[in-house]
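S.K.: Okay, sequence plus prediction incoming.
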Amino acid sequence: MPNAHTLYIVVPCYNEEEVLPITAKKLKEKIVSLVTAGTISHSSRIMFVDDGSKDRTWEIIESLHNESTFFTGIKLSRNRGHQNALLGGLMTAKDRADIVISMDADLQDDIDAVDKFIDKYNEGCEIVYGVRSSRKTDTGFKRNTAQLYYKVLEKMGVEVTYNHADYRLMSRRAIEALSGYTEVNLFLRGLVHLVGFKSATVEYERHHRAAGESKYPLKKMLALAFEGITSFSIKPIRFITVLGLGIFFISILMLIYFLITFFLGKTVQGWATIVISIWAIGGLELLSVGVIGEYIGKIYLETKHRPRFIIEKDLENN
Ligand code: UDP
Ligand code: MG
């Protein structure tokens, strides 16, 4: 085929020495079969993004690169987290590829879905979202909290694709558009939606991690979840305003009630009521200030325009 597209598969890796050799082998098989079939060009690559790993991840990436030209990699100057590492990979790959697919290093995303992604691209889609058809392999806890989270996002007016994580195809054009979003508080799956263009979804089975342990402990998961809401919705602040109004209204009603009982000559005994209301209002106030503080904190971070990732090494450009 004369004009086969160049595909880059971008894989963020943080301390993935255990799974990397297995993943690399599978991905290479995939790329080779696609190149042989003429679906993608010979200059297609698997690009590993080392997110400041503390183990042998980078050494493994370097030796893969020496062993086969299909492997390439960049190394971030320090650990910046999955979203930033992925962005670093996408921004680097967009200048070298026509299509970029992002996936995790642990083979949880079914790599055979790649063929369907490319089919959709050939049908004219600029973005293809990988959607988990079932979450059988996740723990009940992860499945339920994730499901609840998508509901909350929806209520907050944040558009994301249900059960889509960061396994997706993007055309160079879509990534070019994504680069126009310069925010440092990253929630890529929300941003990609804002980009628009013709898109499609492809279902796939989510597997168990092929080796190693999850690099997303509960704390990081909650941080990402929170980012998703506060970066895309100001409804929490609006909710506070409504809550404040509601409480003010209730206090007026209470005042009227107390005035009436006073004039009827009934003595007020309500010590408990007073204490409870002080605590309730105090708590709500602190919560409200906290939520507003979160947004101000974000504004603070955004105004600095700090770089979102710094590339220390680039195997294709040194
Ligand atoms: N990851 C990363 N930087 C981090 C944490 C994770 O690049 O600080 C990568 C990790 O190597 C993997 C992907 O993000 O390729 C998803 O992480 P993981 O599979 O551990 O998350 P889970 O599937 O358990 O949610
Ligand atoms: Mg995983």
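M.R.: Thanks, I have it. Ligands and ions are numbered 1, 2, ... in the order given.
S.K.: so where's the longest helix in this protein?
M.R.: The residue-count maximum for a helix in the chain (DSSP state H) belongs to helix 271-304.
S.K.: counting contacts, what elements does it pack onto?
M.R.: helix 218-230, helix 235-263 (3 or more CB pairs under 8 Å, 6 or more residues apart in numbering; DSSP states H and E). Bear in mind the C-beta positions are built from the backbone N, C-alpha and C, glycine included.
S.K.: Report the inter-axis angle for it versus helix 218-230.
M.R.: Here helix 271-304 points in a direction 80 degrees away from that of helix 218-230 (axes from the mean of the first three to the mean of the last three CA atoms, to 10 degrees).
S.K.: Please identify the residues of the stretch 151-300 of the chain in proximity to ligand 1?
M.R.: Ser214, Lys215, Tyr216 (CB under 6 Å from any ligand atom).
S.K.: so the second one, which of the three states?
M.R.: Three states are possible here, and by DSSP: H, G, I helix; E, B strand; the rest coil the one that applies to Lys215 is coil.
S.K.: residues contacting it?
M.R.: Lys215 is in contact with Tyr14, Asn15, Glu16, His82, counting by CB atoms under 8 Å, 6 or more residues apart in numbering.
S.K.: how about the nearest residue to the last one, chain neighbours excluded?
M.R.: It refers to His82. Nearest residue to His82, sequence neighbours excluded (CB to CB, 6 or more residues apart in numbering): Pro12, at 5.6 Å.
S.K.: now the strands for the chain?
M.R.: With strands called from DSSP state E, the chain shows them at 7-13, 45-50, 71-76, 99-102, 127-132, 164-171, 199-204, 311-314.
S.K.: Kindly reformat those as a markdown table containing mean neighbour count, distance to Val242 and mean pLDDT.
M.R.: What follows is the strands of the chain, written out as a markdown table (neighbours: other CB atoms under 10 Å; distance: least, CB to CB, whole Å; pLDDT from 0 to 100):
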| stretch | mean neighbour count | distance to Val242 | mean pLDDT |
| --- | --- | --- | --- |
| strand 7-13 | 27 | 39 | 96 |
| strand 45-50 | 27 | 42 | 96 |
| strand 71-76 | 24 | 42 | 95 |
| strand 99-102 | 26 | 38 | 96 |
| strand 127-132 | 24 | 33 | 92 |
| strand 164-171 | 23 | 31 | 92 |
| strand 199-204 | 18 | 34 | 90 |
| strand 311-314 | 14 | 45 | 92 |
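S.K.: I'd like the ones you listed as a markdown table, with distance to Thr241 appended.
M.R.: What follows is the strands of the chain, written out as a markdown table (distance: least, CB to CB, whole Å):
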| stretch | distance to Thr241 |
| --- | --- |
| strand 7-13 | 38 |
| strand 45-50 | 41 |
| strand 71-76 | 40 |
| strand 99-102 | 38 |
| strand 127-132 | 34 |
| strand 164-171 | 32 |
| strand 199-204 | 34 |
| strand 311-314 | 43 |
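S.K.: so which of these gets nearest ligand 2?
M.R.: Closest approach to ligand 2 among the strands of the chain (CB to the ion): strand 164-171, 8.7 Å.
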